[in-house]
Structures are given as C-alpha cells and as structure tokens.
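sequence and predicted model, in that order:
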Amino acid sequence: MNAVIALCHFCEAHGPCAIFCTQTLRDTKLEDLQLDQQQVQSQKTCSTCNYSMGRNNNAIYSKDTESGATFVSTKVAVLPEVANLVKQAAVLSLSNGTDSSKDGEFVFFGDSQRGHILSHTFRVSDLQARGYSQLFSIIVLMKDKYFLLNIKPFLAEHLKKVSTELQAAAKKIKEKEELTYNARQRRLSGGPNAQYPQYLMHTSRSLLELTGEEHIFAQLHSHFSWLLLAGSRFLTEHVTFGNLPWLPPQSSGRPPAQRLTYNSSTLPMIESLDDPDQEEFFSLRHLKSVVRKEELATVCYCALTGVKIVVRGDPRRTFRFMVCLKKLLPEPMHNLMRIDAQHQHSISSEYKIISVSNDIAVPMASASVFRIDFLDKHINGHEVSVKWPGELPRKCELLPEESRNFFNPSFHIPFLVPDLMVKLLKAVEETNFTELVLNKQTKVLIEEWKNKVTCLNHAKSTSVQGKLKKVLGIQPHDQPLINYWSTHLH
C-alpha cells in the first residue's frame, strides 16, 4: 500500500511531532538512503523524542519476499518530501485537526497538496505527565483519497487494536508506580517531597518507559508493516455490466506470516492457533463442546455445503468457534469467512461464515441462513442458541451403512450427507485421537476432497465427469458439497 503510517506525540518541549514512521520502499534501495545522517540531524534533546530503537538505533526494516517491497521504520520519514508532509499531518492530528478530549476517535482530513490523512488519537497513562496522560495519535498518510476512504473500516479496526495494546501496557506501569506513590499525595503536597522526588519532578518519558516493553518499536514496526501489506490486498475489482451495484470492500485475508522477514519471528497481530506448542491450539472438538451433539452435524453440513452461517456474540467467545469452522474449508476458500465483522453490509455480501458482535443487526434464521447466538446467560445448561429451520436431506433407502453409525441414536432418522462430513464426525468421536492427531486427520480429509473437486473442474464434458466420479468414489449425496466447492476451487 502506497502510504505512510506514523506514530505522533504531543511533546511538551517540541509540540506535535511524528516520532516513528513506517513506509514502503519499492524502487529505492536502502543503501542509497543516508539513514545515519538523516536520523542524526533529526535528533532532539528530550527523552520522549530521542529514544532508542534497539540494536540498530537508526531504522528497523523488513522485506516481503514475494512482492519485493521493503518496509522501513525510522524516527523521521526517510524521504525528505514525505517527511515534510508527515510533519504537517502530525500538527493537524494533535492540535486543531482533532478534538483531543475524545479518546480513540478517528478523523479524516487533508487535501491534494498535503495528502489525505486518517488520524486516530488516544491517550496513554503517565503518572509524571500533566493530567496523568500523554497524547498520541496514529496517522495514515496517502495521496489516494478514495482508496483511503474505502479501507477506512479495515484500518480503523486494526489501529484501534494497536492503541488499546499500548494503553493496556501503560496502565500496568501506572498501577505499579501507584503502589509506591499515591497520585493524590502529589496534588495535595504542592511542593517537593523528599520521599518521592522522582514523581514530583515533571520529566518527559519515552513510549518505551511508559509501556515497559523493551521491543515496543519492533512491535509497532510489525503492526504497521502488516497494515501496509494487507491494505494493498484489501480491495478487489469486479467486472459488471449494466447498472453498477454498490460493492462493499472485500478482504482477501491476511498475508502469510512466512512472507515477511524481520527481527521478530511472527507478526504480533496474527495468532498461530494451529501450533500445538501454543496454549491456544485446539481441534474440531471445540465445536462439540459449544453446540449440542445433535446440532454438530447440522453445523458441519451448513459449513461444508455453503449455507450462510452467522455467529453472533462477544468476539472473545466467538473467535475460537470461527477458527474451528475455518478448518472445515480448504485454504483457497478461507476468504469466504469474515471474523468479527464491523459492518452490517458484510452479512449481505458473498461471505459464507461471518461472526458479528451483539450490537449489529443480523437476519432471521431461514433455510439459507444458519444462526448461532452466544448467550450472556446459560439457558438449560447451554451457552449458545442454534436456529435453522432447514433440514438435513433424508433418504433412508440410499444411505450407506457407514453413515448410520455416527449419528446420535436419539435422532431415529438416518440422513443422506456428504461422505466427507461422515468421516469428519467419526474422527471427532474417535477417543483414540489426540487433539493433534484429530487436527492432522481433518487437514488430510479436507485436502483429499479439495483435490477431488479440482479434478472434476478440469473435466471437459459431463461424460468425463461421470467417469471421474466413479473413479473418485463420489456419490449423489456428495453433490451439494461439490457444487459449492467447485465454484471457488480452480
């Protein structure tokens, strides 16, 4: 994404200024930039502005091995013409451009000469600062006005996460300091206190001191670099004929973590949920622990055959459930999922599996919409409410014998469902499978059927497809899955 993301701060000594800038370099080589000379010239005397970035005090950089783009983070933008624009944007962001009394707001401003800016202001706790907080902002500077407006929801969602992370770290430091010194004592004393001199003298502190994070600027670099890379892939073009419908911006998903190489091993905003060494590792059994046993088959059927699934509730509770649903689809179809959608138009778009918070209106359950609501209070011992007036296809006389065994005996009705679903539910019920083994088995089964669908897509005639189905063991009850997957696998 051709933009600059900068962290700005209102310094008591120097006024509004940008203290950390990340930008994309494509045609410019790092060797051609005189980073040492530029950063030395920009050094200021106060500790807030003149901080250390770590081992290399001048810059942090990373490279996307696929596109060849390099992401560079410095105290001042590396290109002089860009540095002037960032400086002007920082002044507007922290002074007359926004209302500093409103924490966490987003403001759009700018023009064609000075660039267009999306500004996010927030306050960070500081026991030594005036008003016990310091004013910061994150700005996104871009020349393309309409592109910036279109990806504003995407940027706002992730910039808010960055500011919340900084505020939470600073709050912990403030709470530790308050254990040894009461802020009220400072207001009442009115003069120096020999017992706590370090708190009574007003000294400016850098973000590293406020948050207590040694690698805070490396983390910010990974956040901003990911936003620049993901932002370039956020919008997709649609070819339409006749009247042009309104098309919401579509996300193509996050870029793979291995494509980026930096000092850190992973991007902090990407959770490695499939790593068995992590505490967050889990398999399809999590679905079984959330919904009733008889509802598990219905959830899997809707996910595998393309019935729209809407999961509503607190994102902290729905996130794991959504990641488990993602395991039911091959990787090329993961862009059909939208986790924690922030806008109602996402529900009516081409997303098939969506999670939203409780404050977003969702459609009523119907044959084409499967709803799962995470309840604030348990009802009859269950934490979710599942609604779907549709039914699984029934055809007792053609049901394979193996499909009769995995259903709950209380159903008393055999169902005709895709063989993939039968095997997945058998794997979930297999007590000899550990979480790791179940996860591997799930991937193998999904990959097997992805390859079957891909083979059918390459068949040039109906007769050839019929022969391939016999060879691959595809039965008529697998057709709903084939119809859904074939439109997204090529």
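Arrived safely.

what packs against the helix or strand hosting Ser289?
Element membership for Ser289, per DSSP states H and E: helix 285-290. With contacts taken as 3 or more C-beta pairs under 8 Å, 6 or more residues apart in numbering; DSSP states H and E, helix 285-290 sits against helix 293-305, helix 315-326, helix 419-429. Yep, even glycine has a C-beta here, placed from its N, CA and C like the rest.

again, 7 Å this time
helix 293-305, helix 315-326 (3 or more C-beta pairs under 7 Å, 6 or more residues apart in numbering; DSSP states H and E).

let's have these in JSON lines, adding distance to His158 and mean pLDDT.
Shown next, in JSON lines, are those (distance: least, C-beta to C-beta, whole Å; pLDDT from 0 to 100):
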{"stretch": "helix 293-305", "distance to His158": "26", "mean pLDDT": "89"}
{"stretch": "helix 315-326", "distance to His158": "14", "mean pLDDT": "85"}
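
out of those, which is the most enclosed?
Sort the helices and strands packed on helix 285-290 by mean neighbour count, taking mean count of other C-beta atoms under 10 Å, and helix 293-305 sits at the top with a mean of 21.

what comes into contact with stretch 162-178?
With C-beta atoms under 7 Å, 6 or more residues apart in numbering as the test, stretch 162-178 has contacts from 104, 120, 122, 124-125, 127, 138, 210-213, 223.

look up how far Cys11 lies from the nearest residue to Arg285 once chain neighbours are set aside.
Closest residue to Arg285 apart from its sequence neighbours, by C-beta to C-beta, 6 or more residues apart in numbering: Val428 at 5.9 Å. Applying C-beta to C-beta, to the nearest Å, the value for Val428 to Cys11 is 57 Å.

same check, this time on Leu481
60 Å.

over to Lys161?
Lys161 sits 25 Å away from Cys11, going by C-beta to C-beta.

now swap in Leu227 and tell me
Counting by C-beta to C-beta, the gap from Leu227 to Cys11 is 25 Å.

tell me which of these two has more neighbours.
Leu227 (25 against 18; other C-beta atoms under 10 Å).

and the more buried one, how far from Val162?
For Leu227, the distance to Val162 equals 9 Å [C-beta to C-beta].

ditto for Met421
40 Å.

between the two, who's got more neighbours?
Met421 (24 against 21).

any weak-confidence spans in the stretch 301-450 of the chain?
Across the stretch 301-450 of the chain, the ranges flagged by pLDDT under 70 are 341-349, 378-381, 394-415.

which residues in it form strands?
308-312, 337-341, 353-356, 369-379, 382-387 (DSSP state E, counting those that start in this stretch).

can you check the stretch 51-200 of the chain too?
59-64, 70-74, 106-111, 115-125, 133-142.

could I get the buried residue list for the top helix by length along the chain?
Secondary structure assigned by DSSP state H gives helix 152-180 as the longest helix of the chain. Neighbour counts over helix 152-180 (16 or more other C-beta atoms under 10 Å) mark 153-156, 159-160, 162-163, 165-167, 169-170, 173-174, 177 as buried.

just give me the closest of the residues you listed to Leu328.
Phe154 (25.3 Å; C-beta to C-beta).

list the contacts of Phe71.
Phe71 touches 22, 24, 61-62, 225, 228, counting by C-beta under 7 Å, 6+ apart.

quick one: it and Ser366, what's the gap?
45 Å.

point out where the stretch 51-200 of the chain drops to low pLDDT.
51-57, 96-104, 181-200.

can you rerun that using 90?
51-71, 75-81, 92-106, 109-114, 126-135, 144-147, 149-151, 153-154, 173-200 (pLDDT under 90).

of the contacts of Phe71, which is the nearest to Tyr146?
With C-beta to C-beta as the yardstick, the closest approach to Tyr146 among the contacts of Phe71 comes from Leu228, at 18.1 Å.

just give me the neighbour total for the residue nearest to Arg285.
20.

Ser289 is in contact with that one, correct?
No: assessed by C-beta atoms under 7 Å, Val428 is found out of contact with Ser289, at 10.6 Å.

and Ser67, which of the strands of the stretch 301-450 of the chain is closest to it?
strand 337-341 (24.1 Å).

quick one: average confidence on the helix holding Ser289?
Regarding helix 285-290, the rounded mean pLDDT is 86.

what residues sit buried inside it?
285, 287-288, 290.

likewise stretch 427-447?
For stretch 427-447, by 16+ other C-beta under 10 Å, it's 427-428, 433, 438-439, 441-442, 445-446.

how about the residues you listed in JSON lines, adding distance to Pro16?
Below are these laid out as JSON lines (distance: C-beta to C-beta, whole Å):
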{"residue": "Ala427", "distance to Pro16": "58"}
{"residue": "Val428", "distance to Pro16": "56"}
{"residue": "Phe433", "distance to Pro16": "58"}
{"residue": "Leu438", "distance to Pro16": "54"}
{"residue": "Asn439", "distance to Pro16": "50"}
{"residue": "Gln441", "distance to Pro16": "56"}
{"residue": "Thr442", "distance to Pro16": "52"}
{"residue": "Leu445", "distance to Pro16": "56"}
{"residue": "Ile446", "distance to Pro16": "52"}
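
and of these, the nearest to Glu391?
Val428 (21.6 Å).

who's in contact with the closest one?
284-285, 288, 438.

which two of these have the greatest separation?
Counting by C-beta to C-beta, the most remote pair of those is Lys288 and Leu438, 10.8 Å apart.

hang on, the earlier thing: hey, C-alpha coordinates of the helix holding Ser289 in PDB?
Provided in PDB are the C-alpha atoms of helix 285-290 (Å, rounded to 0.1, in the frame of the first residue of the first chain):
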ATOM      1  CA  ARG A 285     -13.800 -31.000  19.300                       C
ATOM      2  CA  HIS A 286     -14.200 -27.400  20.400                       C
ATOM      3  CA  LEU A 287     -17.300 -27.200  18.200                       C
ATOM      4  CA  LYS A 288     -18.700 -30.300  20.100                       C
ATOM      5  CA  SER A 289     -18.100 -28.500  23.400                       C
ATOM      6  CA  VAL A 290     -20.100 -25.500  22.300                       C
END
